[in-house]
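**Student:** Predicted model and sequence follow; I will ask about them next.
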Amino acid sequence: MNPTDILLRGREITRRWGGLVALDKVSLELARGTVHAVIGTNGAGKSTLINILSGEFPPSSGAVELLRSEEHTSEL
């Protein structure tokens with residue numbers, strides 16, 4: 001895969017809600033022309049991950065890059 005095919009990248013995304021860790025260092029790359037699904041049990045962090053990737057709210061730590069531009073980062 002060519003590095004320019006990556007459209008969205010998440011690096012070590014962590015999200016905390018008080019004492020609850022909803023996501024813990026999740027990393028992923030979504031490439032041009034691919035289809036992905038996020039599956040898991042209730043409370044697994046699926047909606048949290050999608051909300052962070054879409055920019056609805058920032059990660060507690062980690063980064064999201066869209067088309068090679070840094071969109072959301074946080075280092076708490």
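**Tutor:** Arrived safely, thanks for sending.
**Student:** hey, where'd the helices end up in the chain?
**Tutor:** 46-53 (DSSP state H).
**Student:** I'd assumed Arg11 was in contact with Glu29.
**Tutor:** No - counting by C-beta atoms under 8 Å, Glu29 does not reach Arg11; the two are 9.3 Å apart. For glycine as for every other residue, the C-beta is placed from the backbone atoms N, C-alpha and C.
**Student:** overlap in contacts of these two?
**Tutor:** Overlap between the neighbourhoods of Glu29 and Arg11 is empty, taking contacts as C-beta atoms under 8 Å, 6 or more residues apart in numbering.
**Student:** Now Gly62. Nearest residue, chain neighbours left out?
**Tutor:** Leaving out its chain neighbours, the residue that sits closest to Gly62 by C-beta to C-beta, 6 or more residues apart in numbering is Ile13, at 3.9 Å.
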